[in-house]
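K.L.:
Return atomic coordinates for the entry below.
(3 chains)
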Amino acid sequence: MNPKRSTFLFSVLCFGMAFLYVPMALLVLYSFNHSKLVPVWGGFSLRWYKTLFTSEEVWNALTLSLQVAVVNATFATLLGTLAGLALVRFGRFRGRTLFTGMISAPLVMPEVITGLSLLLLFITMNELLGWPSSRGVTTITIAHITFSMAYVAVIIQSRLSGVAQDLEEAAQDLGGKPLRVMFDITLPLLAPGMLAGWLLAFTLSLDDLVIASFVSGPGANTLPMLIYSRVRLGLRPDINALATIIIMTVAIGVALAGYLLMRQRKQIDRDRQMAAAGAAT
Amino acid sequence: MTSATSAATDVYLERPWLDAAAEPFIRIQGVSKRFGDFTAVENVDLDIYRGELFSLLGGSGCGKTTLLRMLAGFETPTVGRITIDNADMTEAPPYQRPVNMMFQSYALFPHMNVADNVAYGLKRDRVPKNEIARRVAEILSMVELQEFGKRKPHQLSGGQRQRVALARALVKQPKVLLLDEPLAALDKRLREQTQFELMNLQERLGVTFIVVTHDQEEAMTLSTRIAVMDAGRIIQVGEPGEVYERPKTRKIANFIGSINTFDGRIVTVDGDAGELALSCPAFSSPLKVPREADLKAGQKATLAIRPEKIMMSKDAPEDRALARLQGEVVELAYMGNLSIYRVQVDGDGGDNNDGDGGDIIQVTAPNLQRVDRRNIEWDDRVWLSWRPDNSFILRD
Amino acid sequence: MPPRPDTAGLFPRAGAAQAWHNWRRHFSDFAQTHWRELTIAVPYLWLLVFFLVPFFIVLKISLAESLIASPPFSPLIEWAEGEALRIRIIFDNFAWLLEDELYVQTYLNSLKISTVSTVLCLLIGYPIAYAIVRAPPGARHILLLLIILPFWTSFLLRVYAWIGILADRGTINNFLMWTGVIDQPVRLLYSEFAVYLGIVYSYLPFMILPLYANMEKLDATLREAASDLGAHPATTFFTVTLPLTVPGIVAGALLVFIPATGEFVIPDLLGGGNVLMIGKVLYGEFNANHDWPVAAAVAIALLVVLVAPMMLYQHFQSREMEPGKWR
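P.N.:
Now for the predicted structure:
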């Protein structure tokens, strides 16, 4: 590649990464600022972390959010996997078009509409069935499952198209009944996709403000709702501390996952090379 | 029992398809398969006998794989019937058929090691554990992979993977083994070696093999019989020699090897001698060639001769019974073991009266001399000749 | 000596175990024969109840009358009275949207902001995606990871980061005043500029990833072939690379445009009271004014605006996901 163009591309990358990461870096930096005025440096301090950790409100919101996120991720993975299987492996069935539409619509539906419509559903259901009489953890979880399962279904669909149908046919050919083949072959090979789906559903739930605000009731504040109620009035250094913790957790998690994946891939490459070399001799 | 009938019985034992009374092991009757508007397999009738190594040969999209998948149970015929060993298998699901398949991709389960892959089918049949272990060990040593039971598929070379796939399909002792392009993923050297291993194995186990392949050489080497497929239909079934030496149509002749053709008209048919005489503008006198049953005098017909059946010399051949032509070498390709010559025949005979000289005839000849001692070169005048009974009549 | 087992107590439990066993057998028979139906039915029912039905409720309520009550809309059941009433009610909520210049203005403004942001994302994202594809393979994975990583952190907090940067006494103003370029803070926060910045910042990865996926599949030899045939690098780009990356551009543009149009957090936190967008109005109509029928009507109107791009995206998505056909 000619050096001029390579310099151009390199500076594009530098600009892009700076754009994405400088705001986050500032967020982290200010969390260690002693001053109450966030962007005015007043010396290094951990006082905002202390404020954060001693706030019962924060702990409650965090617990609630994690609870919702775990239940949501589990159910969304289950439902999304079923939906993905149905769409990729079962060919035509009645109502397939509607199903395809419903499973992919939440991906592009504006959050305000999803939130509003689910709230109105819960209210109508309460009117007609007497459930849910109050809104909170349950309604938030249901709302989250509804849109997260769409994301899981997309991941599962793309993984399933990758899992060669040959393998399933081979298992059937060797005497495995379809359900057996599903548990012996399809699901084990789908496990990484399901894990990815679970993690995505988990973070989607932790990240959601709008839908949770609509379907939540009094007293049930998720972490994003708490953050929002604080920051809409301006800068809060303790929120910077919280942001720092979140960013660090994610960064460490992603780096670790990336490292493990890379190591696994290298191992497989090495195995392949050895196998080929062994056959040649 | 006279020696004559015993010889005939021996022939029938080895070649049951010649015996009208022999009972086919696999019967495919009137089978068609349509996918929407597209007909993948059309009205196929085929009988395959126990212990055969039968090949389905054809280009891509000819329907051979769909036919194989119907035998395995992955597709159901739109119309028609398939029976295996007198049991109707038309609608049976793959997991209830006495048939196993070796996939083109091998389809080894990547999350299981070699031994577990091979044991999978036995476990599904609820074979006792110790017997599974015994049979897996036995089949792995048969394919010389006894040391590799604990390896995962990605830790094997291509040839080893192929043998695992073979072992996995054979360990269930199926009545029929289906092989979808079994050698396509191997490199040339390995392919030749594996061909013979496959044949030995089949002979040893006596299992009926049905092989799908697009490689005509592979089909020639392996098979007891070949079915040539085109556009969903079977266009010829026969032993390799028969399909090669007496192809029914120009299409088959061109698909398997190459041919030279001459247009002509039938002069006389001699039923007793099993001959007919064909007059072609390219030749001075009518040629006597083996008779095709349904051809009559006065009909148009095409004479065909394989390039390797043609002799080439600088001097005119003595034998007046030979078909002969004279021409000039216009192209020459050196292939190492043999050479391909293209000879332009004198005159403006043959089918194209376009005034640019006669037909181009292709001749292959073994390189009996080293290339620097080759006695026929570009632009040499040569005589081409062949025994007329080595040529055959084509219908279009 | 160990205590003797209480056989009397065991019997009913054994009965229960038997029942459980029977039930399990029945269930496993049922699963064996009907698992396909079950696999489809469970997510299907969930989506019917929690996605399709709510949508019709919104539609219904958008046609209802607003009341000062709880729930603040006329009961749905009273509706069977006749077509005339229905027409009047439809007219009410939707006509309100059309008559009030504020709503029309808001819609137009939302579309303007999301369109301009989409174009900006494309202009910034395309060279970045291109640079990642052309980076050495080892670096490529890390760069991609860096693009994806913000996805996993909080969206809300990333928007919040810009408050600190853009505020009157924020990073930029502090810096400019310190260098002496200005002596009064410049208004950056609570402006349309801030909203653009926020949207581009938040949605840039949505543009880069589909573009990258598309470009990665492009055969590098195509570019080489073009230059071998005498095309200047710029010509190669405009005649080969750009036309072949149109699918990526469309996918990325839709992924930015659709959510940006309905965005609530960014205009609320960075636009303040100065920037009107539909998502914000809907949220306010619902939570502050408690006018649910109008909120529902706003939602329906938003859907009408977005239905074409949403269907387009679904079309693309389903084409990508087409299950393998027979061979």
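
K.L.:
tell me the centre residue of chain C?
P.N.:
Nearest to the geometric centre of chain C sits residue C:259, at 4.4 Å (Cα atoms, centre = their mean).

K.L.:
Tell me, how many residues neighbour the closest residue to that residue other than its chain neighbours?
P.N.:
With sequence-adjacent residues excluded and distances taken as Cβ to Cβ, 6 or more residues apart in numbering or on different chains, residue C:259 is closest to residue A:110, at 6.4 Å. Backbone N, C-alpha and C define where each C-beta goes, glycine included. Per other Cβ atoms under 10 Å in any protein chain shown, the neighbour tally for residue A:110 reads 25.

K.L.:
on that earlier part again, hang on, the residue nearest to the centre of chain C in a helix?
P.N.:
Yes. Assessed by DSSP: H, G, I helix; E, B strand; the rest coil, residue C:259 belongs to a helix.

K.L.:
what's the spacing between it and residue C:244?
P.N.:
According to Cβ to Cβ, to the nearest Å, residue C:259 stands 26 Å off from residue C:244.

K.L.:
Repeat that for residue B:117.
P.N.:
Going from residue B:117 to residue C:244 by Cβ to Cβ gives 41 Å.

K.L.:
so where's chain A uncertain?
P.N.:
Within chain A, the stretches with pLDDT under 70 are A:1-4, A:38, A:278-281.

K.L.:
so which strand or helix has the spatially most central residue of it?
P.N.:
Taking Cα atoms, centre = their mean, the centroid of chain A lies closest to residue A:200, which sits 2.3 Å from it. Per DSSP states H and E: residue A:200 is located in helix A:187-207.

K.L.:
what about the residue of the stretch 251-396 of chain B found nearest chain A, neighbour count?
P.N.:
Going by Cβ to the nearest Cβ, chain A is nearest to residue B:336 of the stretch 251-396 of chain B, at 24.1 Å. Using other Cβ under 10 Å, residue B:336 has 7 neighbouring residues.

K.L.:
Ramachandran angles for it?
P.N.:
Main-chain dihedrals, residue B:336, degrees, to the nearest 10: phi 90, psi -80.

K.L.:
what about the closest residue to chain C within the stretch 201-350 of chain B, distance to residue B:72?
P.N.:
Nearest to chain C in the stretch 201-350 of chain B, going by Cβ to the nearest Cβ, is residue B:212, at a distance of 11.6 Å. Counting by Cβ to Cβ, the gap from residue B:212 to residue B:72 is 11 Å.

K.L.:
Quick one: name the residues of the stretch 151-281 of chain A near chain B.
P.N.:
Within the stretch 151-281 of chain A, the residues that sit near chain B (Cβ under 8 Å from any Cβ of the partner chain) are A:164, A:166-167, A:169-178, A:180, A:184-185, A:188-189, A:268, A:271-272, A:274-276, A:278-280.

K.L.:
Find the nearest non-adjacent residue to the residue of the stretch 251-396 of chain B closest to chain A, please.
P.N.:
Per Cβ to Cβ, 6+ apart, closest to residue B:336 is residue B:367, 7.4 Å.

K.L.:
Repeat that for residue A:166.
P.N.:
Using Cβ to Cβ, 6+ apart, the nearest residue to residue A:166 is residue B:107, at 3.9 Å.

K.L.:
Would you mind giving me the confidence score for the one you found?
P.N.:
pLDDT, residue B:107: 93.

K.L.:
any idea what it is structurally, helix, strand or coil?
P.N.:
Using three-state DSSP, the three-state assignment for residue B:107 comes out as coil.

K.L.:
what about it, neighbour count?
P.N.:
Neighbours around residue B:107, by other Cβ under 10 Å: 26.

K.L.:
What of the one 5 residues further on?
P.N.:
Neighbour count of residue B:112, defined by other Cβ under 10 Å: 17.

K.L.:
Now do the contacts for it.
P.N.:
Residue B:112 sits next to B:120, B:152 when contact means Cβ atoms under 8 Å, 6 or more residues apart in numbering or on different chains.

K.L.:
did I read that right, it in a helix?
P.N.:
No. Residue B:112 is assigned coil when assessed by three-state DSSP, not a helix.

K.L.:
Could you list which residues are in contact with the residue nearest to residue B:336?
P.N.:
Residue B:367 touches B:334, B:336-339, B:374, counting by Cβ under 8 Å, 6+ apart.

K.L.:
In chain C, which helix is the longest?
P.N.:
Ranked by number of residues, the top helix in chain C under DSSP state H is helix C:7-47.

K.L.:
now what about the next helix or strand after that one, what contacts it?
P.N.:
Once helix C:7-47 ends, the next helix or strand along the chain (criterion: DSSP H and E) is helix C:53-62. Residues from elsewhere that reach helix C:53-62, judged by Cβ under 8 Å, 6+ apart: A:113, A:116-118, A:120-121, A:124, C:73, C:76, C:93-94, C:292-293, C:296-297, C:299-300.

K.L.:
make it 10 Å
P.N.:
Residues outside helix C:53-62 that contact it (Cβ atoms under 10 Å, 6 or more residues apart in numbering or on different chains): A:102, A:105, A:109, A:113-114, A:116-125, A:143, A:146, C:47, C:71-74, C:76, C:79, C:89-90, C:93-94, C:97, C:292-301, C:303.

K.L.:
List the buried residues of the particular helix or strand that has residue A:15 in it.
P.N.:
Element membership for residue A:15 (DSSP H and E) is helix A:3-31. If you call a residue buried by 16 or more other Cβ atoms under 10 Å in any protein chain shown, then helix A:3-31 has these buried ones: A:9, A:12-13, A:16, A:20, A:23-24, A:26-28, A:30-31.

K.L.:
and the residues you listed, which two are the farthest apart?
P.N.:
Greatest spatial distance in the buried residues of helix A:3-31: A:9 and A:31, 33.7 Å, computed using Cβ to Cβ.

K.L.:
Follow the chain on from the one helix or strand residue B:196 maps to and name the next helix or strand.
P.N.:
Assigned by DSSP H and E, residue B:196 falls within helix B:188-205. Reading on from helix B:188-205 to the C-terminus, the next helix or strand found by DSSP H and E is strand B:208-213.

K.L.:
All set, thanks.
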